[in-house]
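>>> Generate a structure from the sequence data that follows.
(chains A, B, C and D)
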Protein chains: 2
Amino acid sequence: MVTERSDVTQILAEIFREHGYAGASLSEITNRTGLGKGSLYHLFPDGKEGMARAVLFEVADWFEENVFMPMRAPDNPDGGIDHMFTEVLRFFDTGRRTCLMGAFALDDARDRFPSEIQAYFLDWTRMLATALRRSGFEKNAAREAAEEVVAGIQGALVLARSLGDPAIFVRAIKRLRKRTGLDQQV
Amino acid sequence: MVTERSDVTQILAEIFREHGYAGASLSEITNRTGLGKGSLYHLFPDGKEGMARAVLFEVADWFEENVFMPMRAPDNPDGGIDHMFTEVLRFFDTGRRTCLMGAFALDDARDRFPSEIQAYFLDWTRMLATALRRSGFEKNAAREAAEEVVAGIQGALVLARSLGDPAIFVRAIKRLRKRTGLDQQV
DNA sequence: GTCTATAGATCGATAGAC
DNA sequence: GTCTATCGATCTATAGAC
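Alright, predicted model coming up:
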(Lines give C-alpha, C1' and ligand atoms only; values in the text may rest on other atoms or scores of the structure.)
Protein backbone atom coordinates (compact mmCIF):
# COMPACT_ATOMS: atom_id res chain seq x y z
CA MET A 1 0.00 0.00 0.00
CA VAL A 2 1.26 3.45 -0.92
CA THR A 3 1.14 6.27 1.58
CA GLU A 4 4.26 8.24 0.80
CA ARG A 5 3.42 11.40 -1.06
CA SER A 6 6.00 10.70 -3.74
CA ASP A 7 4.56 7.22 -4.36
CA VAL A 8 1.12 8.73 -4.85
CA THR A 9 2.54 11.36 -7.17
CA GLN A 10 4.02 8.67 -9.38
CA ILE A 11 0.60 7.05 -9.80
CA LEU A 12 -1.02 10.42 -10.37
CA ALA A 13 1.49 11.14 -13.10
CA GLU A 14 0.57 7.96 -14.94
CA ILE A 15 -3.14 8.71 -14.68
CA PHE A 16 -2.74 12.28 -15.98
CA ARG A 17 -0.53 11.01 -18.79
CA GLU A 18 -3.16 8.49 -19.87
CA HIS A 19 -6.22 10.71 -19.62
CA GLY A 20 -5.06 14.31 -19.65
CA TYR A 21 -6.20 16.73 -16.96
CA ALA A 22 -9.92 16.90 -17.65
CA GLY A 23 -10.14 13.16 -18.30
CA ALA A 24 -8.51 12.14 -15.04
CA SER A 25 -11.31 11.57 -12.52
CA LEU A 26 -11.03 11.37 -8.76
CA SER A 27 -12.78 8.00 -8.85
CA GLU A 28 -9.99 6.52 -10.97
CA ILE A 29 -7.45 8.21 -8.74
CA THR A 30 -8.95 6.65 -5.62
CA ASN A 31 -9.06 3.27 -7.33
CA ARG A 32 -5.49 3.27 -8.61
CA THR A 33 -3.92 4.75 -5.49
CA GLY A 34 -6.05 2.74 -3.10
CA LEU A 35 -6.59 5.88 -1.07
CA GLY A 36 -9.93 7.36 -0.06
CA LYS A 37 -10.80 10.92 -0.85
CA GLY A 38 -10.09 11.92 2.71
CA SER A 39 -6.50 10.77 2.42
CA LEU A 40 -6.09 12.37 -0.96
CA TYR A 41 -7.34 15.75 0.23
CA HIS A 42 -5.14 15.44 3.26
CA LEU A 43 -2.09 15.00 1.02
CA PHE A 44 -3.29 17.54 -1.54
CA PRO A 45 -5.43 20.22 0.12
CA ASP A 46 -6.03 21.92 -3.22
CA GLY A 47 -7.61 18.84 -4.70
CA LYS A 48 -7.20 17.83 -8.30
CA GLU A 49 -5.45 21.03 -9.26
CA GLY A 50 -2.96 20.51 -6.44
CA MET A 51 -2.35 16.95 -7.56
CA ALA A 52 -1.63 18.06 -11.10
CA ARG A 53 0.64 20.81 -9.83
CA ALA A 54 2.59 18.34 -7.72
CA VAL A 55 3.04 16.09 -10.74
CA LEU A 56 4.14 18.99 -12.93
CA PHE A 57 6.63 20.04 -10.28
CA GLU A 58 8.02 16.54 -9.99
CA VAL A 59 8.47 16.17 -13.72
CA ALA A 60 10.20 19.53 -13.94
CA ASP A 61 12.37 18.53 -11.01
CA TRP A 62 13.29 15.21 -12.57
CA PHE A 63 14.35 16.90 -15.80
CA GLU A 64 16.32 19.51 -13.94
CA GLU A 65 18.28 16.88 -12.08
CA ASN A 66 18.64 14.17 -14.70
CA VAL A 67 18.77 16.12 -17.94
CA PHE A 68 19.51 19.80 -17.51
CA MET A 69 22.12 19.62 -14.79
CA PRO A 70 24.36 17.15 -16.62
CA MET A 71 23.92 19.25 -19.76
CA ARG A 72 25.32 22.33 -18.01
CA ALA A 73 28.83 20.92 -17.70
CA PRO A 74 30.79 23.41 -19.84
CA ASP A 75 33.71 21.09 -20.51
CA ASN A 76 31.79 18.16 -21.97
CA PRO A 77 28.77 19.35 -23.95
CA ASP A 78 28.68 16.28 -26.21
CA GLY A 79 28.54 14.01 -23.19
CA GLY A 80 25.66 16.03 -21.75
CA ILE A 81 23.69 15.86 -24.97
CA ASP A 82 24.29 12.14 -25.32
CA HIS A 83 23.21 11.68 -21.74
CA MET A 84 20.03 13.63 -22.43
CA PHE A 85 18.98 11.23 -25.18
CA THR A 86 19.70 8.21 -23.01
CA GLU A 87 17.69 9.58 -20.09
CA VAL A 88 14.82 10.71 -22.29
CA LEU A 89 14.60 7.29 -23.87
CA ARG A 90 14.44 5.76 -20.42
CA PHE A 91 12.03 8.35 -19.03
CA PHE A 92 9.47 7.78 -21.77
CA ASP A 93 9.82 4.03 -21.31
CA THR A 94 11.27 3.47 -24.77
CA GLY A 95 8.24 5.08 -26.41
CA ARG A 96 5.49 3.44 -24.36
CA ARG A 97 4.86 6.47 -22.19
CA THR A 98 3.51 9.81 -23.36
CA CYS A 99 4.62 13.26 -22.26
CA LEU A 100 2.57 14.81 -19.47
CA MET A 101 3.50 18.31 -20.53
CA GLY A 102 2.50 17.58 -24.11
CA ALA A 103 -0.81 16.09 -23.00
CA PHE A 104 -1.54 19.11 -20.83
CA ALA A 105 -0.51 21.49 -23.60
CA LEU A 106 -3.21 20.09 -25.91
CA ASP A 107 -5.77 20.04 -23.14
CA ASP A 108 -7.79 22.25 -20.82
CA ALA A 109 -4.77 22.18 -18.53
CA ARG A 110 -2.94 24.53 -20.87
CA ASP A 111 -4.96 27.46 -19.53
CA ARG A 112 -4.57 26.29 -15.95
CA PHE A 113 -0.81 25.77 -15.88
CA PRO A 114 0.52 27.93 -18.70
CA SER A 115 3.70 29.02 -16.96
CA GLU A 116 4.66 25.52 -15.85
CA ILE A 117 4.25 24.10 -19.33
CA GLN A 118 6.01 27.03 -20.94
CA ALA A 119 8.91 26.84 -18.49
CA TYR A 120 9.40 23.16 -19.17
CA PHE A 121 9.78 23.54 -22.91
CA LEU A 122 11.63 26.82 -22.68
CA ASP A 123 14.19 25.37 -20.27
CA TRP A 124 14.64 22.29 -22.38
CA THR A 125 15.23 24.10 -25.67
CA ARG A 126 17.48 26.71 -24.07
CA MET A 127 19.66 24.23 -22.21
CA LEU A 128 20.03 22.13 -25.31
CA ALA A 129 20.81 25.15 -27.48
CA THR A 130 23.50 26.25 -25.05
CA ALA A 131 25.08 22.80 -25.03
CA LEU A 132 24.97 22.69 -28.82
CA ARG A 133 26.72 26.04 -29.06
CA ARG A 134 29.45 24.75 -26.78
CA SER A 135 29.63 21.70 -28.95
CA GLY A 136 30.47 23.88 -31.91
CA PHE A 137 27.16 24.87 -33.47
CA GLU A 138 26.73 28.43 -34.66
CA LYS A 139 24.24 30.41 -32.55
CA ASN A 140 21.20 30.29 -34.80
CA ALA A 141 21.95 26.75 -35.92
CA ALA A 142 22.04 25.69 -32.28
CA ARG A 143 18.65 27.25 -31.55
CA GLU A 144 17.13 25.66 -34.64
CA ALA A 145 18.57 22.25 -33.86
CA ALA A 146 17.37 22.42 -30.26
CA GLU A 147 13.88 23.28 -31.43
CA GLU A 148 14.00 20.46 -33.93
CA VAL A 149 15.09 17.93 -31.30
CA VAL A 150 12.48 18.86 -28.67
CA ALA A 151 9.70 19.04 -31.24
CA GLY A 152 10.89 15.80 -32.80
CA ILE A 153 10.69 14.04 -29.44
CA GLN A 154 7.20 15.35 -28.73
CA GLY A 155 5.94 14.46 -32.17
CA ALA A 156 7.42 10.98 -32.05
CA LEU A 157 5.63 10.38 -28.76
CA VAL A 158 2.33 11.44 -30.33
CA LEU A 159 2.93 9.24 -33.34
CA ALA A 160 4.11 6.25 -31.32
CA ARG A 161 1.04 6.44 -29.12
CA SER A 162 -1.35 6.96 -32.03
CA LEU A 163 -0.03 3.98 -33.94
CA GLY A 164 0.67 1.87 -30.89
CA ASP A 165 4.24 1.45 -32.06
CA PRO A 166 6.95 2.47 -29.56
CA ALA A 167 9.66 1.70 -32.13
CA ILE A 168 8.77 4.99 -33.82
CA PHE A 169 10.09 6.80 -30.77
CA VAL A 170 13.29 4.75 -30.70
CA ARG A 171 13.95 5.54 -34.34
CA ALA A 172 13.31 9.23 -33.73
CA ILE A 173 15.79 9.34 -30.87
CA LYS A 174 18.41 7.67 -33.01
CA ARG A 175 17.76 10.14 -35.82
CA LEU A 176 17.86 13.20 -33.56
CA ARG A 177 20.98 11.99 -31.83
CA LYS A 178 22.66 11.90 -35.22
CA ARG A 179 21.24 15.36 -35.95
CA THR A 180 23.17 16.82 -33.02
CA GLY A 181 26.42 15.18 -34.14
CA LEU A 182 29.27 17.41 -35.12
CA ASP A 183 29.15 16.17 -38.70
CA GLN A 184 25.80 17.87 -39.17
CA GLN A 185 26.73 21.38 -38.13
CA VAL A 186 26.02 24.23 -40.51
CA MET B 1 -26.97 31.74 -37.22
CA VAL B 2 -25.58 28.31 -38.05
CA THR B 3 -27.89 25.47 -38.79
CA GLU B 4 -26.07 23.58 -41.51
CA ARG B 5 -24.51 20.42 -40.13
CA SER B 6 -21.14 21.26 -41.66
CA ASP B 7 -21.13 24.71 -40.07
CA VAL B 8 -21.76 23.14 -36.67
CA THR B 9 -19.03 20.59 -37.29
CA GLN B 10 -16.52 23.36 -37.90
CA ILE B 11 -17.31 24.92 -34.53
CA LEU B 12 -17.20 21.52 -32.85
CA ALA B 13 -13.77 20.92 -34.33
CA GLU B 14 -12.42 24.12 -32.81
CA ILE B 15 -13.88 23.27 -29.40
CA PHE B 16 -12.42 19.75 -29.41
CA ARG B 17 -9.07 21.13 -30.54
CA GLU B 18 -8.99 23.60 -27.69
CA HIS B 19 -10.16 21.31 -24.90
CA GLY B 20 -9.65 17.74 -26.02
CA TYR B 21 -12.50 15.24 -25.88
CA ALA B 22 -13.06 15.00 -22.13
CA GLY B 23 -12.66 18.74 -21.65
CA ALA B 24 -15.23 19.74 -24.26
CA SER B 25 -18.54 20.19 -22.47
CA LEU B 26 -22.01 20.33 -23.96
CA SER B 27 -22.60 23.65 -22.23
CA GLU B 28 -19.74 25.24 -24.15
CA ILE B 29 -20.94 23.56 -27.31
CA THR B 30 -24.44 25.00 -26.91
CA ASN B 31 -22.97 28.43 -26.19
CA ARG B 32 -20.58 28.55 -29.13
CA THR B 33 -22.95 27.01 -31.66
CA GLY B 34 -25.96 28.92 -30.40
CA LEU B 35 -27.97 25.72 -30.62
CA GLY B 36 -30.00 24.15 -27.83
CA LYS B 37 -29.42 20.59 -26.77
CA GLY B 38 -32.52 19.54 -28.63
CA SER B 39 -31.11 20.76 -31.90
CA LEU B 40 -27.70 19.24 -31.20
CA TYR B 41 -29.14 15.82 -30.44
CA HIS B 42 -31.29 16.10 -33.51
CA LEU B 43 -28.19 16.66 -35.63
CA PHE B 44 -26.08 14.15 -33.72
CA PRO B 45 -28.28 11.41 -32.23
CA ASP B 46 -25.26 9.75 -30.61
CA GLY B 47 -24.47 12.85 -28.59
CA LYS B 48 -20.96 13.95 -27.80
CA GLU B 49 -19.39 10.80 -29.19
CA GLY B 50 -21.26 11.30 -32.45
CA MET B 51 -20.13 14.91 -32.61
CA ALA B 52 -16.51 13.88 -32.16
CA ARG B 53 -16.89 11.17 -34.75
CA ALA B 54 -18.30 13.64 -37.25
CA VAL B 55 -15.36 15.95 -36.65
CA LEU B 56 -12.85 13.12 -37.02
CA PHE B 57 -14.50 12.09 -40.25
CA GLU B 58 -14.41 15.62 -41.61
CA VAL B 59 -10.73 16.07 -40.79
CA ALA B 60 -9.87 12.75 -42.41
CA ASP B 61 -11.94 13.75 -45.42
CA TRP B 62 -10.24 17.12 -45.70
CA PHE B 63 -6.80 15.54 -45.68
CA GLU B 64 -7.84 12.94 -48.19
CA GLU B 65 -9.01 15.58 -50.63
CA ASN B 66 -6.49 18.35 -50.07
CA VAL B 67 -3.34 16.47 -49.14
CA PHE B 68 -3.41 12.80 -50.03
CA MET B 69 -5.13 13.00 -53.40
CA PRO B 70 -2.70 15.57 -54.86
CA MET B 71 0.18 13.51 -53.45
CA ARG B 72 -0.94 10.45 -55.39
CA ALA B 73 -0.10 11.92 -58.79
CA PRO B 74 2.63 9.53 -59.97
CA ASP B 75 4.18 11.93 -62.46
CA ASN B 76 4.82 14.86 -60.12
CA PRO B 77 5.76 13.63 -56.64
CA ASP B 78 7.76 16.75 -55.72
CA GLY B 79 4.80 18.95 -56.55
CA GLY B 80 2.54 16.81 -54.37
CA ILE B 81 4.93 17.00 -51.43
CA ASP B 82 5.33 20.73 -51.80
CA HIS B 83 1.60 21.10 -51.98
CA MET B 84 1.26 19.08 -48.78
CA PHE B 85 3.44 21.49 -46.84
CA THR B 86 1.55 24.48 -48.17
CA GLU B 87 -1.84 23.02 -47.29
CA VAL B 88 -0.69 21.84 -43.86
CA LEU B 89 0.63 25.29 -43.06
CA ARG B 90 -2.70 26.75 -44.05
CA PHE B 91 -4.75 24.08 -42.28
CA PHE B 92 -3.03 24.64 -38.95
CA ASP B 93 -3.44 28.39 -39.35
CA THR B 94 0.30 29.04 -39.57
CA GLY B 95 0.87 27.37 -36.20
CA ARG B 96 -2.01 28.91 -34.26
CA ARG B 97 -4.20 25.83 -34.44
CA THR B 98 -3.46 22.48 -32.84
CA CYS B 99 -4.02 19.04 -34.30
CA LEU B 100 -7.29 17.40 -33.31
CA MET B 101 -5.90 13.92 -33.89
CA GLY B 102 -2.86 14.69 -31.76
CA ALA B 103 -5.03 16.09 -28.97
CA PHE B 104 -7.26 13.02 -29.05
CA ALA B 105 -4.23 10.71 -29.15
CA LEU B 106 -2.99 12.09 -25.82
CA ASP B 107 -6.46 12.04 -24.32
CA ASP B 108 -9.25 9.74 -23.23
CA ALA B 109 -10.41 9.82 -26.82
CA ARG B 110 -7.53 7.57 -27.83
CA ASP B 111 -9.40 4.56 -26.41
CA ARG B 112 -12.67 5.68 -27.92
CA PHE B 113 -11.51 6.30 -31.50
CA PRO B 114 -8.35 4.22 -31.84
CA SER B 115 -8.90 3.18 -35.44
CA GLU B 116 -9.73 6.69 -36.66
CA ILE B 117 -6.60 8.16 -35.10
CA GLN B 118 -4.45 5.30 -36.28
CA ALA B 119 -5.80 5.52 -39.82
CA TYR B 120 -5.10 9.24 -40.01
CA PHE B 121 -1.43 8.94 -39.13
CA LEU B 122 -0.95 5.70 -41.00
CA ASP B 123 -2.42 7.15 -44.19
CA TRP B 124 -0.36 10.28 -43.89
CA THR B 125 2.99 8.55 -43.37
CA ARG B 126 2.29 5.99 -46.07
CA MET B 127 1.19 8.49 -48.69
CA LEU B 128 4.19 10.65 -47.98
CA ALA B 129 6.58 7.68 -48.05
CA THR B 130 5.22 6.62 -51.42
CA ALA B 131 5.63 10.10 -52.83
CA LEU B 132 9.17 10.29 -51.48
CA ARG B 133 10.06 7.00 -53.12
CA ARG B 134 8.77 8.31 -56.43
CA SER B 135 10.81 11.42 -55.80
CA GLY B 136 13.96 9.33 -55.64
CA PHE B 137 14.32 8.27 -52.03
CA GLU B 138 15.41 4.72 -51.32
CA LYS B 139 12.66 2.61 -49.71
CA ASN B 140 13.78 2.72 -46.09
CA ALA B 141 14.97 6.29 -46.34
CA ALA B 142 11.54 7.27 -47.63
CA ARG B 143 9.78 5.61 -44.72
CA GLU B 144 12.13 7.22 -42.23
CA ALA B 145 11.79 10.65 -43.78
CA ALA B 146 8.00 10.37 -43.83
CA GLU B 147 7.96 9.45 -40.17
CA GLU B 148 10.27 12.35 -39.40
CA VAL B 149 8.09 14.83 -41.25
CA VAL B 150 4.77 13.79 -39.70
CA ALA B 151 6.28 13.57 -36.21
CA GLY B 152 8.05 16.87 -36.75
CA ILE B 153 4.79 18.55 -37.66
CA GLN B 154 2.99 17.16 -34.61
CA GLY B 155 5.80 18.06 -32.27
CA ALA B 156 6.10 21.57 -33.65
CA LEU B 157 2.38 22.08 -33.04
CA VAL B 158 2.79 20.96 -29.43
CA LEU B 159 5.76 23.22 -28.96
CA ALA B 160 4.18 26.20 -30.68
CA ARG B 161 1.10 25.90 -28.51
CA SER B 162 3.06 25.38 -25.30
CA LEU B 163 5.22 28.41 -25.87
CA GLY B 164 2.51 30.49 -27.49
CA ASP B 165 4.78 31.03 -30.47
CA PRO B 166 3.35 30.03 -33.87
CA ALA B 167 6.64 30.91 -35.57
CA ILE B 168 8.02 27.63 -34.23
CA PHE B 169 5.64 25.81 -36.52
CA VAL B 170 6.58 27.93 -39.51
CA ARG B 171 10.26 27.22 -38.96
CA ALA B 172 9.56 23.50 -38.61
CA ILE B 173 7.69 23.41 -41.90
CA LYS B 174 10.52 25.19 -43.64
CA ARG B 175 13.03 22.76 -42.15
CA LEU B 176 11.02 19.68 -43.03
CA ARG B 177 10.39 20.93 -46.53
CA LYS B 178 14.11 21.13 -46.99
CA ARG B 179 14.46 17.69 -45.47
CA THR B 180 12.39 16.21 -48.29
CA GLY B 181 14.48 17.93 -50.94
CA LEU B 182 16.45 15.79 -53.34
CA ASP B 183 19.75 17.11 -51.97
CA GLN B 184 19.08 15.37 -48.69
CA GLN B 185 18.53 11.85 -49.98
CA VAL B 186 20.66 9.03 -48.61
C1' DG C 1 -36.37 21.38 -36.12
C1' DT C 2 -35.82 24.07 -31.92
C1' DC C 3 -36.75 25.07 -27.46
C1' DT C 4 -37.21 24.34 -22.00
C1' DA C 5 -37.26 21.39 -18.28
C1' DT C 6 -35.41 17.79 -16.09
C1' DA C 7 -33.74 13.19 -15.37
C1' DG C 8 -29.88 10.37 -13.82
C1' DA C 9 -25.15 9.86 -13.34
C1' DT C 10 -20.77 11.56 -12.12
C1' DC C 11 -17.95 15.24 -11.03
C1' DG C 12 -14.79 17.63 -7.46
C1' DA C 13 -14.88 18.76 -2.81
C1' DT C 14 -16.19 18.73 2.27
C1' DA C 15 -17.64 17.14 6.96
C1' DG C 16 -17.04 14.49 10.68
C1' DA C 17 -16.46 9.94 12.98
C1' DC C 18 -12.76 7.04 14.26
C1' DG D 1 -4.20 10.00 8.71
C1' DT D 2 -7.96 7.31 6.76
C1' DC D 3 -12.45 6.23 6.22
C1' DT D 4 -17.72 6.83 4.89
C1' DA D 5 -21.37 9.73 3.86
C1' DT D 6 -22.89 13.37 1.48
C1' DC D 7 -23.03 18.01 -0.52
C1' DG D 8 -23.78 21.07 -4.50
C1' DA D 9 -22.40 21.63 -9.08
C1' DT D 10 -21.90 19.99 -13.51
C1' DC D 11 -22.11 16.53 -16.76
C1' DT D 12 -24.44 13.90 -20.76
C1' DA D 13 -28.70 12.66 -22.28
C1' DT D 14 -33.86 12.52 -22.70
C1' DA D 15 -38.79 14.00 -22.78
C1' DG D 16 -42.18 16.62 -24.46
C1' DA D 17 -44.27 21.17 -25.74
C1' DC D 18 -44.41 24.15 -29.65
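
>>> make it CA atoms for all contacts and neighbour counts henceforth
Noted.

>>> could you pull out the helices for chain A?
With helices called from DSSP state H, chain A shows them at A:5-23, A:26-33, A:37-43, A:47-63, A:69-72, A:77-91, A:100-105, A:109-112, A:114-134, A:139-163, A:167-179.

>>> What parts of chain A come near DNA strand D?
By the rule CA under 7 Å from any atom of the strand, the part of chain A lying against DNA strand D is A:3, A:34-40, A:42-43.

>>> Between these, which sits nearest residue B:103?
Residue B:103 has its nearest neighbour among these in residue A:40, at 28.3 Å by CA to CA.

>>> mind listing what that closest one touches?
Residues in contact with residue A:40 (CA atoms under 8 Å, 6 or more residues apart in numbering or on different chains) are A:30, A:47.

>>> which residues touch residue A:170?
Counting by CA under 8 Å, 6+ apart, residue A:170 touches A:89, A:94-95.

>>> where does chain A dip in pLDDT?
A:1-3, A:182-186 (pLDDT under 70).

>>> Which single residue of it ends up nearest DNA strand D?
Closest residue of chain A to DNA strand D, CA to the nearest atom of the strand: residue A:38 (2.7 Å).

>>> Please list the residues of chain A that sit near chain B.
By the rule CA under 8 Å from any CA of the partner chain, the part of chain A lying against chain B is A:17-20, A:22-23, A:98, A:102-103, A:105-108, A:110, A:114, A:117-118, A:121-122, A:147-148, A:150-156, A:158-159, A:161-163, A:168, A:172.

>>> So among those, which ones count as buried?
Neighbour-count burial (16 or more other CA atoms under 10 Å in any protein chain shown) applied to these gives A:17-20, A:22-23, A:98, A:102-103, A:105-108, A:110, A:117-118, A:121-122, A:147-148, A:150-156, A:158-159, A:161-163, A:168, A:172.

>>> what subset of those residues is also close to DNA strand C?
A:22-23.

>>> before we move on, the earlier item: may I ask which of the contacts of residue A:170 has the most neighbours?
Among the contacts of residue A:170, residue A:95 has the most neighbours (other CA atoms under 10 Å in any protein chain shown), with 28 neighbours.

>>> The residue lying closest to that one once chain neighbours are set aside: how many residues sit nearby?
The shortest distance from residue A:95 to any non-neighbouring residue, by CA to CA, 6 or more residues apart in numbering or on different chains, is to residue A:166 (4.3 Å). By other CA under 10 Å, 20 other residues sit near residue A:166.

>>> for residue A:166, what are its contacts?
Contacts of residue A:166 were listed using CA under 8 Å, 6+ apart, and they are A:94-96, A:160.

>>> run the last query once more with 6 Å
A:95-96, A:160 (CA atoms under 6 Å, 6 or more residues apart in numbering or on different chains).

>>> where does it fall, phi/psi-wise?
Main-chain torsions, residue A:166, degrees, to the nearest 10: phi -60, psi -20.

>>> Check the spacing between the most centrally placed residue in chain A and residue A:157 real quick.
Chain A has residue A:99 as the residue nearest its centroid, 5.1 Å off, counting by CA atoms, centre = their mean. Relative to residue A:157, residue A:99 is positioned 7 Å away (CA to CA, to the nearest Å).

>>> Ok, residue A:14 next?
Counting by CA to CA - residue A:14 and residue A:157 are separated by 15 Å.

>>> Residue A:6 now?
25 Å.

>>> Tell me which of the two has more neighbours.
residue A:157 (32 against 13).

>>> Return the nearest residue of chain A with respect to chain B.
residue A:155 (3.6 Å; CA to the nearest CA).

>>> doesn't residue B:148 make contact with that residue?
No: judged on CA atoms under 6 Å, residue A:155 makes no contact with residue B:148 at a distance of 8.7 Å.

>>> what's the closest non-adjacent residue to residue A:99?
Leaving aside its chain neighbours, residue A:99 sits nearest to residue A:17 (6.6 Å; criterion: CA to CA, 6+ apart).

>>> So that neighbour sits against residue A:102, correct?
No: if you go by CA under 6 Å, residue A:17 and residue A:102 don't touch, sitting 9.0 Å apart.

>>> List the buried residues of stretch A:20-37.
By 16+ other CA under 10 Å, the buried positions in stretch A:20-37 come out as A:20-24, A:29-30, A:33, A:35.

>>> Endpoints of stretch A:105-122, how far apart?
End-to-end distance (CA to CA), stretch A:105-122: 13 Å.

>>> From the chain's centroid, how far away is it?
Relative to its parent chain, stretch A:105-122 has a centroid offset of 12 Å by CA atoms, centre = their mean, to the nearest Å.
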